[in-house]
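Student: Need the 3D shape of this:
(2 chains)
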Protein chains: 2
Amino acid sequence: MEKSPERCAIGIDFGGTVVKMARVDEHGDIGARASFATAGLDGVDGWLDEVERHVAELLKDLPAGQEWRGIGVGVPGLVNYAKGFIYDLTNVPGWTAVPLAEKLAARFNQPARVDNDVNAMALGECTYGAGQAYQHAVFLTLGTGVGGGLLINNNLYRGAYSMAGEIGHVSIDMNGVSAPMGRGGVEQYVGNRQIVARALQALDEGRASSILERAGGQRDAVTPKVIAEAAEAGDALALEIFDFVADCLATMMASVAYLLQPQAFIIGGGVSAAGPVLFNPLRRHLNERLSEHFASRVVIKRAELGNDAGVIGAAALTFLE
Amino acid sequence: MEKSPERCAIGIDFGGTVVKMARVDEHGDIGARASFATAGLDGVDGWLDEVERHVAELLKDLPAGQEWRGIGVGVPGLVNYAKGFIYDLTNVPGWTAVPLAEKLAARFNQPARVDNDVNAMALGECTYGAGQAYQHAVFLTLGTGVGGGLLINNNLYRGAYSMAGEIGHVSIDMNGVSAPMGRGGVEQYVGNRQIVARALQALDEGRASSILERAGGQRDAVTPKVIAEAAEAGDALALEIFDFVADCLATMMASVAYLLQPQAFIIGGGVSAAGPVLFNPLRRHLNERLSEHFASRVVIKRAELGNDAGVIGAAALTFLE
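Tutor: Next up, the predicted model:
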């Protein structure tokens, strides 16, 4: 009897600066990688040409017994998942109202799926990473903003119109920072830039700290990573900043826990690389902000797939049906 | 050919002061009602005896062609729905760790379901009331606290451990009012008592208002209803109070909308009886706090079943399987 061939898919992580691609098998393992710069392409068709070129490359060394069976994309913006339709990509000009799944299916004659990037990452983590054990989980990615993906009854939940999970806009202060998305959204406090701004402001106010020294004396070399290193070394200001970031996140996570009671929060993204200086106060503040019934029943886990979550999850989108 | 009999069920709305019961048919129509005081019964068995007495009454005039086929209860506390197990009823002594569904099934030899009261109401509204058109909705009940029920993919969603929907604890201010459930929970601002306290404090500070006069000069006769009547009559302080209540609710609802993107919020409970003086500023503030993509896609509706939502929903729990 012949073994039925194993599927693989092309996963695309469409970032604001780099488009990452990978050939991914059904175990979530990456067989080959490619990438190209987002800027300088000739619109949607230019992007598709570039993708096509790399798809050919990625499939060159396809192992015997594997069959290419789909192409999935995670994009940085609002998407109608069912239709594979992009409403708008905030930071990529020329990508408004694009029926991308249709275009991909037509060009490659393969099942195509398009979702927002955070959902793709969440699916990657929940299928092959830190979320495998859970049926109900909330995936967070901490970076420029705060993204969210919801696993409900073992499926990604996208809400009524495919835009759910915009967890960075969950308010932690009704009179807080104003933004086009409302007031007091948690990402207005814990985004990359906000963390750095908080450190620089404290330094400007004369707080003693090793942060600037660690950044070679250069204000614009201060990053969350530098601040995390200072915190690890016991720098009081840096510890204070991560305690604040943790408490802001805990406020949002307590609200989410009371609302959805997930089994776990799975946390990825650049800022999560801070490790214990973030995760220790995060657990403590979440416990303070939840009743025992809820606190004892929710786990906080670090994401496991790192920068590969996007391409793996995008590929996984096509394994679902 | 004989018509198969129509089902009916006994629905029980277990309140802190009154237990309401009704015989409800599959159209959500009430055939008979009963009620008894919560206090003064001899524990769980005394409660069951009283329920049994009233069940007999409610079934006396059962129409020909209807068959009794289940008993459902909504209770004010934390419940494991799958097991029909009550962890604890906050305001009813003696109801800790009660396998109520099991006890009901044993006593009545009928399928029995136990859920928290807000979930029961949400199911009532979503099956027979304001939520019938929706597959994704959030039910809110405004009273002493703020309760929540989540309709996701046309089913009540109870979270990983059956405690989801505790929407009154969603924080609107990370440095706000402290309570055992955390800080800044929205019900710490918009619960019955908090609304009244806000009015009395403003009066104590010398604000001109018709509120006290409308309460017959009696501070302890000031209720959200009295304040709503004053607001309807144009009383500036009363309008200000409902504007604040609406903005607090809008903050929480914006967070929920960004997270879950429901089609609708369905709002019931005593405070919702205020009507337009609450709902008009609520819509305005929600629009201010949401991006156009979200604001234009979410409806706010008043609940339709009023005080019957609890018994109808409790009965509906047994129609599900």
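
Student: domains for chain A, by residue range?
Tutor: Domains of chain A are assigned by automatic domain parsing as A:6-127+A:308-317, A:133-303.

Student: CSV for the ones you listed, including mean neighbour count and distance to residue B:63?
Tutor: C-betas here are computed from N, CA, C, even on glycine. Listed next are those as CSV, based on neighbours: other Cβ atoms under 10 Å in any protein chain shown; distance: least, Cβ to Cβ, whole Å:
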stretch, mean neighbour count, distance to residue B:63
domain A:6-127+A:308-317, 20, 44
domain A:133-303, 21, 38
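
Student: nearest to chain B, of those?
Tutor: Among those, the nearest to chain B by Cβ to the nearest Cβ is domain A:133-303 (2.9 Å).

Student: quick revisit: please produce a markdown table containing the domains of chain A, extended by mean pLDDT and distance to residue B:229.
Tutor: Output for the domains of chain A, formatted as a markdown table (pLDDT from 0 to 100; distance: least, Cβ to Cβ, whole Å):
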| stretch | mean pLDDT | distance to residue B:229 |
| --- | --- | --- |
| domain A:6-127+A:308-317 | 95 | 43 |
| domain A:133-303 | 97 | 27 |
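
Student: In a markdown table: these, plus distance to residue B:137.
Tutor: Listed next are those as a markdown table, based on distance: least, Cβ to Cβ, whole Å:
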| stretch | distance to residue B:137 |
| --- | --- |
| domain A:6-127+A:308-317 | 19 |
| domain A:133-303 | 9 |
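
Student: which residues of the stretch 101-250 of chain A fall in helices?
Tutor: With DSSP state H, counting those that start in this stretch as the criterion, the stretch 101-250 of chain A has helices at A:117-128, A:187-190, A:192-204, A:211-214, A:224-232, A:236-260.

Student: Any chance of these in TSV with distance to chain B as columns?
Tutor: TSV is the format used below for the helices of the stretch 101-250 of chain A (distance: least, Cβ to the nearest Cβ, whole Å):
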stretch	distance to chain B
helix A:117-128	12
helix A:187-190	9
helix A:192-204	15
helix A:211-214	24
helix A:224-232	20
helix A:236-260	4
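
Student: so who does residue A:120 touch?
Tutor: Neighbouring residues of residue A:120 by Cβ atoms under 8 Å, 6 or more residues apart in numbering or on different chains: A:11, A:13, A:72-74, A:309-310, A:313-314, A:316-317.

Student: The helices of the stretch 101-250 of chain A: which one's closest to residue A:63?
Tutor: Residue A:63 lies closest, by Cβ to Cβ, to one member of these: helix A:117-128, at 18.5 Å.

Student: For residue A:215, give me its contacts.
Tutor: A:221-223, A:226.

Student: ok, now how distant is it from residue A:284?
Tutor: Distance of residue A:215 to residue A:284, computed by Cβ to Cβ, to the nearest Å: 28 Å.

Student: for residue A:302, same thing?
Tutor: Computed as Cβ to Cβ, the residue A:302 to residue A:284 distance reads 16 Å.

Student: that's a strand at residue A:36, yeah?
Tutor: Yes: under DSSP: H, G, I helix; E, B strand; the rest coil, residue A:36 sits within a strand.

Student: my guess is it contacts residue A:54, does it?
Tutor: Yes: counting by Cβ atoms under 8 Å, residue A:36 does reach residue A:54; the two are 6.7 Å apart.
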